[in-house]
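Engineer: Attaching a predicted model along with its sequence, questions to come.
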There are 2 protein chains.
Amino acid sequence: MRTVTTVAELREVCDAARAHGRTVGFVPTMGYFHDGHRSLMRAARAENDLVVVSLFVNPTQFAPTEDLAAYPRDLEGDAAQAAAEGVDLLFVPQVAEVYLGDERTTVHVGGITEVLCGASRPGHFDGVTTVVTKLLSMVGACRAYFGRKDAQQLAVVRRMTRDLNLPVEVVGCPLVREIDGLAMSSRNAYLTDDDREGALVLCRSLFVLSEAVQRGERDCDRLRALLTDMLGTEPRIKVDYAAIVDAATLEPVGRLDRTDSSETLVALAAFVGRARLIDNVTISVSGEHATVDLGRTAVPAAEER
Amino acid sequence: MRTVTTVAELREVCDAARAHGRTVGFVPTMGYFHDGHRSLMRAARAENDLVVVSLFVNPTQFAPTEDLAAYPRDLEGDAAQAAAEGVDLLFVPQVAEVYLGDERTTVHVGGITEVLCGASRPGHFDGVTTVVTKLLSMVGACRAYFGRKDAQQLAVVRRMTRDLNLPVEVVGCPLVREIDGLAMSSRNAYLTDDDREGALVLCRSLFVLSEAVQRGERDCDRLRALLTDMLGTEPRIKVDYAAIVDAATLEPVGRLDRTDSSETLVALAAFVGRARLIDNVTISVSGEHATVDLGRTAVPAAEER
């Protein structure tokens, strides 16, 4: 695996690959890798000739009050993990390599960025869509891999690439859970043992909701009440939102068995200790049958091979 | 020359060219070609293996009060001219091919879009930057050609492609004038003979300013006064702006002989009859020497070959 820090080096490798008819798979990350990141790298490795991972804690997607400075970093460990996953090129730019400092251009997606996480993180998605456009342009990616844990980000990036005709296939990969169900996140590093116990109410309420759906519940008001009741039992968390929305438009949904057979996203966000955590499941209903995508549980490292 | 109407056909040809190591030159236009457009096609033809011209009157860059419906069109004549210039591919999409209708994504360049034409055409440049991003992505252009007549558009597109790291070289080509000096524009078709005579004050005032600069005038307040006085003598026009600004930042300039040796743009806009016309010259000063780029005068068709 080669590590590069400049756009020029990155371009040189990626342009040469594409000029030889090789496909380029790209995984944009903020580092501090966990099994979720590794699963994106594996998906990219399986489907592309050249696999590029960027590691860049993008300042423009953090509000001044947020955790930019504290965001966990471990470049050495990340590089070892990326190499172990067969990544070809790790792009680790300084901020000044990505932003000259006098930028005036923003890529803005309206509507679906103003709800859910966008409501409590104003400007966040403008930072995401602008830097993703930049990174996709630098890499010239054929496919880009995003985790479904960040369900709104995935919906926003899909919308953006479609609206701007960007020549890239956006691939959504399953959310990955710890053995106890907690959705993997670099921000889990912020949790004390007590926080972590409290945080489990997020996934547990989604599992309970999933069981209700499997028993036949299709009414979203009742499902929302179920979520709210269960989340309300845990004093160690402060709920930001608990929403049941269309997975693409992020508009509230009345029933899971809508006639258009669109996917429904059940998404949660809560403050736990110093962390703001998110979790979600996606539900598809076809006739009497409901499929709830809970993500997958990480295989412990020892059993992995 | 092949004419295509769908993004899929366009992509197929352009992707195949790039996959074979051929360069792709792109000229985005709104059609109704004049010698200015043809000069862009010639520049693209001289520098690239595949030359693509798009002909699309982009509705999102027109305000509701503007001339979208009236904008002059002549597809047959345009196709003949493009073919004569050696264009390989003419892309003529319907509006529904470019916009699905539920787009939520905008590419916005701040600051330099709010002055000059942006001040009197709010939203115009968002329409331009968004459609140019889309077209560049569809074509996968290596180089894109824009006329210096639209000096602000060129500055905005340059800024946008730099800020978003778009993998394209933006090439600015000289403004082209009629024999009598009028800057070529598809919108000149709106002018009556009397309008046209009045419109000549735009280029003539720039020529007078150029002479003053050649005689040594470097003070922009005096140059602005000269412009305003001369434009004021012509009752058939209504001046929108007469500005002397930095060619990249579009910020007002005090003297032409600035220490940073940046280019200065002298830009005019005026309403003449049914038309809104623009014109400009670019000035570089190096030591005692000033270079004024007045553009070039079109060679009449009979003498062209």
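Structural biologist: That came through, no problem. Numbering: from 1, shown residues only, chains lettered A, B, ... in the order given.
Engineer: what's the closest non-adjacent residue to A:L90?
Structural biologist: Setting aside the residues directly before and after it, A:L90 is nearest to A:T3 in space (C-beta to C-beta, 6 or more residues apart in numbering or on different chains), at 4.5 Å. No exception for glycine: its C-beta is placed from N, CA and C like everyone else's.
Engineer: quick one: contacts for the one you found?
Structural biologist: A:79, A:89-92 (C-beta atoms under 8 Å, 6 or more residues apart in numbering or on different chains).
Engineer: and the closest residue to A:L55 other than its chain neighbours, what is it in contact with?
Structural biologist: The shortest distance from A:L55 to any non-neighbouring residue, by C-beta to C-beta, 6+ apart, is to A:G31 (4.3 Å). A:G31 sits next to A:55-57, A:72-75, A:78, A:186 when contact means C-beta under 8 Å, 6+ apart.
Engineer: about what we covered before: between the contacts of A:T3, which has the most around it?
Structural biologist: A:F91 (27 neighbours; other C-beta atoms under 10 Å in any protein chain shown).
Engineer: Can you name the residues bridging to the residue lying closest to it once chain neighbours are set aside?
Structural biologist: The shortest distance from A:F91 to any non-neighbouring residue, by C-beta to C-beta, 6+ apart, is to A:S54 (4.4 Å). Applying DSSP bridges to A:S54 gives these bridge partners: A:P28, A:F91.
Engineer: what does chain A have sitting close to chain B?
Structural biologist: A:7, A:11, A:18-19, A:21, A:100, A:103-112, A:129-130, A:133-134, A:137-138, A:140, A:159-160, A:162-167 (C-beta under 8 Å from any C-beta of the partner chain).
Engineer: sorry, back to before: from the contacts of A:G31, keep the buried residues only.
Structural biologist: The neighbour-count test (16 or more other C-beta atoms under 10 Å in any protein chain shown) applied to the contacts of A:G31 identifies A:55-57, A:78, A:186 as buried.
Engineer: Show me which of the residues of chain A next to chain B are buried.
Structural biologist: A:7, A:11, A:18, A:103-109, A:112, A:129-130, A:133-134, A:137-138, A:140, A:159-160, A:163-167.
Engineer: so which of the contacts of A:G31 comes closest to chain B?
Structural biologist: Using C-beta to the nearest C-beta, A:F56 comes nearest to chain B of the contacts of A:G31, at 12.7 Å.
Engineer: Report the contact partners of the spatially closest residue to that closest one that is not a sequence neighbour.
Structural biologist: Excluding its sequence neighbours, the residue lying closest to A:F56 (C-beta to C-beta, 6+ apart) is A:P93, at 5.8 Å. By C-beta under 8 Å, 6+ apart, the contact list for A:P93 reads A:5-7, A:54, A:56.
Engineer: quick one: which of those residues sit in strands?
Structural biologist: Among these, the members falling in strands (DSSP state E) are A:S54.
Engineer: returning to that earlier point: in which helix or strand does the residue nearest to A:F56 reside?
Structural biologist: For A:P93, there is no enclosing helix or strand under DSSP states H and E.
Engineer: Also A:V107?
Structural biologist: For A:V107, the host element (DSSP H and E) is strand A:105-109.
Engineer: That strand vs strand B:105-109, what angle?
Structural biologist: 160 degrees (axes from the mean of the first three to the mean of the last three C-alpha atoms, to 10 degrees).
Engineer: Which strands or helices does strand A:105-109 pack on?
Structural biologist: helix A:124-139, helix A:151-163, strand B:105-109, helix B:151-163 (3 or more C-beta pairs under 8 Å, 6 or more residues apart in numbering or on different chains; DSSP states H and E).
Engineer: between these, which one is nearest to B:T228?
Structural biologist: helix B:151-163 (19.1 Å; C-beta to C-beta).
Engineer: for chain A, what spans make up the helices?
Structural biologist: A:7-19, A:35-47, A:75-84, A:95-98, A:117-120, A:124-139, A:151-163, A:193-214, A:220-232 (DSSP state H).
Engineer: Now do the contacts for A:L75.
Structural biologist: Contact analysis of A:L75 by C-beta under 8 Å, 6+ apart lists A:31, A:55, A:92.
Engineer: wait, doesn't A:L68 sit right on A:M30?
Structural biologist: No. Here A:L68 does not reach A:M30: they are 10.1 Å apart, not a contact under C-beta atoms under 8 Å.
Engineer: Can you name the residues that contact the residue of the stretch 1-150 of chain A found nearest chain B?
Structural biologist: Nearest residue of the stretch 1-150 of chain A to chain B, counting by C-beta to the nearest C-beta: A:T105, 3.5 Å away. By C-beta under 8 Å, 6+ apart, A:T105 lies in contact with A:130, B:107-110, B:129, B:159-160, B:163-164.
Engineer: one more time with 7 Å, if that's ok
Structural biologist: B:107, B:109, B:159-160, B:163-164 (C-beta atoms under 7 Å, 6 or more residues apart in numbering or on different chains).
Engineer: again, but for A:T60
Structural biologist: Contacts of A:T60 (C-beta under 7 Å, 6+ apart): A:127, A:130-131.
Engineer: Out of these, flag the one nearest to B:E211.
Structural biologist: Distances from B:E211 to the contacts of A:T60, taken by C-beta to C-beta, are shortest for A:T130, at 44.9 Å.
Engineer: Skip the chain neighbours and tell me the closest residue to that closest one.
Structural biologist: A:V107 (4.8 Å).
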